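**Student:** fold the following and give me the result.
(2 chains)
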Protein chains: 2
Amino acid sequence: MDEVGRIAMLARVLRAGGQGIEVGIGDDAAVLSPPGTRLVWTIDEQVEGVHFRRDLASWHDVGWRSYMAAASDVAAMGATPWCALAALVVPVDVDDAALEAIATGQREAAEVAGAPVVGGNLARGPAMSIATTVLGTCKRPVERRGAVAGDGLWMAGRVGLAAAGLRALEEGKGTEPRLAAAIAAWRVPRALFEEGWAMGATAHAAVDVSDGLARDAGHLAEASGVQVVFDEAALLDDAVLLEAAGALGESALELALHGGEDYALVAASRQPIEGFRRIGEVRAGRGLVLRSVAGERRLEPRGFDHFAR
Amino acid sequence: MDEVGRIAMLARVLRAGGQGIEVGIGDDAAVLSPPGTRLVWTIDEQVEGVHFRRDLASWHDVGWRSYMAAASDVAAMGATPWCALAALVVPVDVDDAALEAIATGQREAAEVAGAPVVGGNLARGPAMSIATTVLGTCKRPVERRGAVAGDGLWMAGRVGLAAAGLRALEEGKGTEPRLAAAIAAWRVPRALFEEGWAMGATAHAAVDVSDGLARDAGHLAEASGVQVVFDEAALLDDAVLLEAAGALGESALELALHGGEDYALVAASRQPIEGFRRIGEVRAGRGLVLRSVAGERRLEPRGFDHFAR
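**Tutor:** Next comes the predicted model:
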């Protein structure tokens, strides 16, 4: 199939209407009428060999994950996804069936998000990659800065589970029942759209956990000029994570603090937030602290860093 | 430099304010207040080894070209660029100085466009690539469909010159004076923002010439359900192209019809458009025709096709 044929196939798989979408796939650019007065806008890219391996994830899941990773940034701003574009780099050994499976994964994720893919780009290259840009709408954006001493630290979703799932696949433990939830968390993560929107009303600051809880909460602490305190007991209050860590012989705490790609949301707020549970607090100071029955210790904001490898 | 350091460097190089930009680089997403009621939105990706070779273009020029290629799609909609995001895949052998040069090229292009880079993404990968997404604003979008029989065919900018410049560099003729303009056209193309905006008032349909005049005008013809006629004499009325073609021993007509990456604009319009010259007409029918003193012949919509190679 040539480029025109492939674009026609993608348009067929991805075609969907939505509020304010005047022109979708097939022109030089999409044409949009913003439904609100304020937009949030992000881009994320997933690269073969870095973010996924084709022997560990299906092409469908590669498409799904690429969409969710980008859309999670919109949720983390207290916004709701509106529409998306995707730029695909396609090596010669990725065939049309694979491309259609990727687009199907993108469309299913877009349906969950309520934000269709309205355009994109196709190019050749040495490794498969998907750059996804998502526009969202919000009333009040929740930035990384804005947390103040006395706020509670709240989390929606889980942490550590996707990293456990990836480890399980890398170690050939894909059929181990105690790891099934972890593997699903890595393969088909769900960005937390309702929770992100709920957060928009009251949260002082928020971030999504793409590169590990300690690392991403570290960004929030630094941007806000505060100290973030995690309660170890709250982080370990997850039977599914404990079971997966046990099956791998790994530390559940290490996975929870430093494992990435879960797309949980972490927020600083005075009040509880619908769909969030309390995992710590915000204090005056700088950096990260882990609090347990044994006392307190400083944490490094370590996580996934593409440029430290 | 680690990822945080690199993002800080990019924020320093790219930092720029603009209308409606509430939050720029450094959060989960940019926050924007649209200055108009209607937006156009595009994404383009430039991949090393496909769109550029690092021995033929400086890193500065790689950054500049990546921005202009995306922004040209906004101009082709009769819109004016507003702001941009860029996702960079950076191999281990691209150092921080190269990354800063890329960002400098992006910033300079963004200044010409009047549309700052307000965010982005960094990832590792096997080949350098830059995905650029641009939002623009317009009163009336000019789509590919809409051309009608009796329209004139109008062009702003040049065609064939960038392809001649790339050929010159590939053949080691980088210092040949007769090829200097062609090489500049390939290395530092300028998207036609004023012309695109001027076109918005009256054009029935338009497209930008990224993959070759015949190929891109073919998209316009197909989307509009019309036939596009090129006047050979008008295409060859370019002394700089004739000189470059002569220096290369190539056909100027072949370069003009099938060479890509010039980012000229082609529009169908009843009236003349400021900054455009007439290169043919729109007729009832289908496909492409080349008209010369010798008569008429059909043209294939051939150009650059990533998936036909």
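**Student:** where does the prediction get shaky in chain A?
**Tutor:** Low-confidence segments of chain A (pLDDT under 70): A:304-309.
**Student:** which residue ranges of it form strands?
**Tutor:** Assigned by DSSP state E, the strands in chain A fall at A:21-23, A:30-32, A:39-47, A:80-90, A:117-124, A:129-137, A:152-156, A:205-209, A:227-231, A:264-269, A:277-283, A:287-292, A:295-299.
**Student:** out of those strands, which is the most enclosed?
**Tutor:** strand A:129-137 (a mean of 30; mean count of other CB atoms under 10 Å in any protein chain shown). For glycine as for every other residue, the C-beta is placed from the backbone atoms N, C-alpha and C.
**Student:** tell me how far that strand is from the chain's mean position?
**Tutor:** 12 Å (CA atoms, centre = their mean, to the nearest Å).
**Student:** re earlier: turn the strands of chain A into CSV, columns for distance to chain B.
**Tutor:** Putting the strands of chain A into CSV (distance: least, CB to the nearest CB, whole Å) gives the following:
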stretch, distance to chain B
strand A:21-23, 6
strand A:30-32, 4
strand A:39-47, 4
strand A:80-90, 4
strand A:117-124, 4
strand A:129-137, 4
strand A:152-156, 14
strand A:205-209, 6
strand A:227-231, 16
strand A:264-269, 10
strand A:277-283, 18
strand A:287-292, 14
strand A:295-299, 16
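**Student:** of all these, which one is nearest residue B:41?
**Tutor:** Nearest to residue B:41 among the strands of chain A is strand A:30-32; the distance by CB to CB comes to 4.7 Å.
**Student:** for the closest one, packing partners?
**Tutor:** strand A:21-23, strand A:80-90, strand A:117-124, strand B:39-47 (3 or more CB pairs under 8 Å, 6 or more residues apart in numbering or on different chains; DSSP states H and E).
**Student:** correct me, but residue A:102 touches residue A:95?
**Tutor:** No. The pair residue A:102 / residue A:95 is not scored as a contact, 11.1 Å apart, by CB atoms under 8 Å.
**Student:** looking only at neighbour counts, state which of the two leads.
**Tutor:** Ranked by neighbour count (other CB atoms under 10 Å in any protein chain shown), residue A:102 and residue A:95 place residue A:102 first, with 27 against 12.
**Student:** what about the more buried one, distance to chain B?
**Tutor:** According to CB to the nearest CB, to the nearest Å, residue A:102 and chain B sit 15 Å apart.
**Student:** what's near enough to touch that residue?
**Tutor:** Residues near residue A:102 by CB atoms under 8 Å, 6 or more residues apart in numbering or on different chains: A:59-60, A:62-63, A:66, A:88, A:130.
**Student:** so which residues on the stretch 101-250 of chain A come close to chain B?
**Tutor:** Contact residues, the stretch 101-250 of chain A versus chain B (CB under 8 Å from any CB of the partner chain): A:118-127, A:129, A:131, A:133, A:135-136, A:138, A:141, A:143-144, A:206-208, A:223.
**Student:** ok, back up a step: now the helices and strands packed on strand A:30-32 as TSV including distance to residue A:300?
**Tutor:** Shown next, in TSV, are those (distance: least, CB to CB, whole Å):
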stretch	distance to residue A:300
strand A:21-23	44
strand A:80-90	33
strand A:117-124	38
strand B:39-47	34
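**Student:** between these, which gets nearest to residue A:162?
**Tutor:** Of these, nearest to residue A:162 by CB to CB is strand A:80-90, at 20.2 Å.
**Student:** and that closest one with strand A:39-47, angle?
**Tutor:** Relative orientation of strand A:80-90 and strand A:39-47, computed by axes from the mean of the first three to the mean of the last three CA atoms, to 10 degrees: 30 degrees.
**Student:** I'd say residue A:47 and residue A:131 touch.
**Tutor:** No. Judged on CB under 8 Å, residue A:47 makes no contact with residue A:131 at a distance of 9.2 Å.
**Student:** bridging residues for the spatially closest residue to residue A:221 that is not a sequence neighbour?
**Tutor:** Nearest residue to residue A:221, sequence neighbours excluded (CB to CB, 6 or more residues apart in numbering or on different chains): residue A:228, at 4.4 Å. Going by DSSP bridges, residue A:228 is paired in beta bridges with residue A:282, residue A:288.
**Student:** contact partners for residue A:228?
**Tutor:** Neighbours of residue A:228 in contact, by CB under 8 Å, 6+ apart: A:147, A:153, A:217-218, A:220-221, A:280, A:282-283, A:287-289.
**Student:** one more time with 7 Å, if that's ok
**Tutor:** For residue A:228, the contacting residues are A:153, A:217, A:220-221, A:280, A:282, A:288, by CB atoms under 7 Å, 6 or more residues apart in numbering or on different chains.
**Student:** ok, so of those, who is nearest residue B:108?
**Tutor:** Using CB to CB, residue A:220 is the member of the contacts of residue A:228 that sits closest to residue B:108, with 33.1 Å.
**Student:** residue B:20: which of the helices and strands packed on strand A:30-32 is closest?
**Tutor:** strand B:39-47 (11.0 Å).
**Student:** tell me what the closest one is packed against?
**Tutor:** Where contact means 3 or more CB pairs under 7 Å, 6 or more residues apart in numbering or on different chains; DSSP states H and E, strand B:39-47 is packed against strand A:30-32, strand A:80-90, strand A:117-124, strand A:129-137, helix B:59-75, strand B:129-137.
**Student:** and these: which comes nearest residue B:173?
**Tutor:** Short answer: helix B:59-75, nearest of the helices and strands packed on strand B:39-47 by CB to CB, at 17.5 Å.
**Student:** other SSEs contacting the closest one?
**Tutor:** Short answer (3+ CB pairs under 7 Å, 6+ apart): helix B:59-75 packs on strand B:39-47, strand B:80-90, helix B:96-113, strand B:129-137, strand B:205-209.
**Student:** give me that answer again for 6 Å
**Tutor:** Where contact means 3 or more CB pairs under 6 Å, 6 or more residues apart in numbering or on different chains; DSSP states H and E, helix B:59-75 is packed against strand B:39-47, helix B:96-113, strand B:129-137.
**Student:** list the contacts of the last one.
**Tutor:** What that stands for is strand B:129-137. A:43, A:87, A:131, A:133, B:35-36, B:39-47, B:66-67, B:70-71, B:74, B:79-89 (CB atoms under 6 Å, 6 or more residues apart in numbering or on different chains).
**Student:** returning to that earlier point: of the contacts of residue A:102, just the buried ones, ChimeraX syntax please.
**Tutor:** To isolate the buried subset of the contacts of residue A:102 in ChimeraX, counting by 16 or more other CB atoms under 10 Å in any protein chain shown, use the following:
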select /A:59,60,62,63,66,88,130
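**Student:** got the contacts of residue A:102 as CSV, with distance to residue A:187 columns?
**Tutor:** Shown next, in CSV, are the contacts of residue A:102 (distance: CB to CB, whole Å):
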residue, distance to residue A:187
A:59, 12
A:60, 9
A:62, 9
A:63, 12
A:66, 12
A:88, 19
A:130, 15
